[in-house]
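**Student:** Structure, please.
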Amino acid sequence: MKIYTRTGDSGTTGLFGGPRVAKDDTRIEAYGTVDELNATLGQVRSALKESAGEATAANDGLSELDARIAQVQHELFSIGAELASPHPDQFDLRVIGPVHIQRIEDWIDDAEQQLPPLKQFILPGGSILASHVHLSRAVCRRAERRVISLADAVQTETPISDTVIIYLNRLSDWLFVVSRLVNQILNVPDQIWEKP
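**Tutor:** Residues are numbered from 1 along each chain as shown. Next up is the predicted model:
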């Protein structure tokens, strides 16, 4: 299989089971941003492995996070496939459901039990690992916005699943909590926001 096909040289790309559209089409922006989110989570997993090597006492917590993020990456790939098709039901591409959202909510509850209550806003940062997680959180929020834009644009066609939007919303919440958790595991304080 060749990597380059030259079919996109004119600024268009083919949708899964659909027509060719401009590469800046709302649908391409949506699944492209989900792909970008997935790539940033790959960076998080690389940083997790490096951090685990530096802090052997933290290995259990970081290994569990790595497994959870890997699971999310697979799910984001499925979301990307669903968004890449104007007819996801035809190809049985809707695989993310309420069980996936509930699992992320459970992860949030689990992490929050390990953290002190948040009483102030925090800045993205702390450890390098937490900084990577914060970047993923910000990209996740953008992916959510792009999917909402797509949902608004295709209201009269096959609608975008509400589950995908809710999943991305919960995922960004979890990533925020994870950023705090990894700072705690690595004994690096969160950066508290100070009003100028």
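**Student:** State the phi and psi torsions of I122.
**Tutor:** Note on I122: backbone dihedrals following degrees, to the nearest 10 are phi -120, psi 150.
**Student:** and what of P189?
**Tutor:** Torsion angles, degrees, to the nearest 10, at P189: phi -70, psi 150.
**Student:** Does it touch N183 like I think?
**Tutor:** Yes: here P189 reaches N183: they are 6.8 Å apart, a contact under Cβ atoms under 8 Å. C-beta: built from backbone N, CA, C; applies to glycine.
**Student:** between those two, which one's more packed in?
**Tutor:** The neighbour comparison of P189 against N183 (other Cβ atoms under 10 Å) goes to N183, with 22 against 11.
**Student:** Nearest residue to that one in space, please, no chain neighbours.
**Tutor:** G126 (4.0 Å; Cβ to Cβ, 6 or more residues apart in numbering).
**Student:** Report the secondary structure state of the one you found.
**Tutor:** Using DSSP: H, G, I helix; E, B strand; the rest coil, the structure places G126 in coil.
**Student:** How many residues are close by S63?
**Tutor:** Neighbour number of S63 under other Cβ under 10 Å is 13.
**Student:** And it, which helix or strand is it part of?
**Tutor:** Using DSSP states H and E, S63 falls within helix 59-83.
**Student:** How far off centre is that helix?
**Tutor:** With Cα atoms, centre = their mean, to the nearest Å as the basis, helix 59-83 stands 9 Å off its chain's centre.
**Student:** Flag every buried residue along that helix.
**Tutor:** Neighbour counts using 16 or more other Cβ atoms under 10 Å place 61-62, 65-66, 68-69, 72-73, 75-76, 78-83 of helix 59-83 among the buried residues.
**Student:** Please list the residues outside it that contact it.
**Tutor:** 16, 27, 30-31, 34-35, 37-38, 41-42, 44-45, 48-49, 51-52, 55, 88, 93-96, 100, 107, 147, 150, 160-161, 164, 167-168, 171, 178, 181-182, 185 (Cβ atoms under 8 Å, 6 or more residues apart in numbering).
**Student:** Which SSE is immediately downstream of it?
**Tutor:** Next along from helix 59-83, by DSSP H and E: helix 98-113.
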